[in-house]
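Student: Okay, sequence plus prediction incoming.
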Amino acid sequence: MDPERRLLSALRAIPADGLRARVMDVAAALAERVRDPHCAEMQADGVPCEDARTACEDCQGVTALLGEIEILVRG
């Protein structure tokens, strides 16, 4: 099963109550954050990275956030 179908199946398997809505809201917010990270340290005079064109997936903030979530969910 491809990753998108696996994710949708997991979401649909959560009982349809407030918990499912909360998980879906958090998942959507996480996807939005990763898609467009908006570096919190970006200033008018530049960004903390050596190169402002650094690929988003290489952004240390996004990488750290995903690492923390991974630790929490995988134990």
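Tutor: That came through fine.
Student: Tell me where the longest helix sits in the chain.
Tutor: When secondary structure is assigned using DSSP state H, the longest helix within the chain turns out to be helix 18-35.
Student: Name the next helix or strand downstream of it, please.
Tutor: Scanning forward in sequence from helix 18-35 by DSSP states H and E, the next helix or strand is helix 60-74.
Student: Quick one: list the elements packing against that following helix.
Tutor: Counting by 3 or more Cβ pairs under 8 Å, 6 or more residues apart in numbering; DSSP states H and E, the packing neighbours recorded for helix 60-74 are helix 18-35. C-betas here are computed from N, CA, C, even on glycine.
Student: ok, now with 6 Å
Tutor: In this structure, helix 60-74 packs against no helix or strand, with contacts taken as 3 or more Cβ pairs under 6 Å, 6 or more residues apart in numbering; DSSP states H and E.
Student: Buried ones in it, by neighbour count?
Tutor: Neighbour-count burial for helix 60-74, counted by 16 or more other Cβ atoms under 10 Å, picks out G61, V62.
Student: Need the CA coordinates for that helix. PDB is fine.
Tutor: Below are the C-alpha coordinates for helix 60-74, written out as PDB (Å, rounded to 0.1, in the frame of the first residue of the first chain):
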ATOM      1  CA  GLN A  60      17.100  22.700  10.500                       C
ATOM      2  CA  GLY A  61      13.800  23.800  12.200                       C
ATOM      3  CA  VAL A  62      11.600  21.500  10.200                       C
ATOM      4  CA  THR A  63      14.100  18.600  10.500                       C
ATOM      5  CA  ALA A  64      14.200  19.100  14.300                       C
ATOM      6  CA  LEU A  65      10.400  19.300  14.600                       C
ATOM      7  CA  LEU A  66       9.900  16.100  12.600                       C
ATOM      8  CA  GLY A  67      12.600  14.400  14.700                       C
ATOM      9  CA  GLU A  68      10.800  15.300  18.000                       C
ATOM     10  CA  ILE A  69       7.500  14.100  16.600                       C
ATOM     11  CA  GLU A  70       9.100  10.900  15.400                       C
ATOM     12  CA  ILE A  71      10.500  10.200  18.900                       C
ATOM     13  CA  LEU A  72       7.100  10.800  20.500                       C
ATOM     14  CA  VAL A  73       5.100   8.500  18.200                       C
ATOM     15  CA  ARG A  74       7.700   5.700  17.800                       C
END
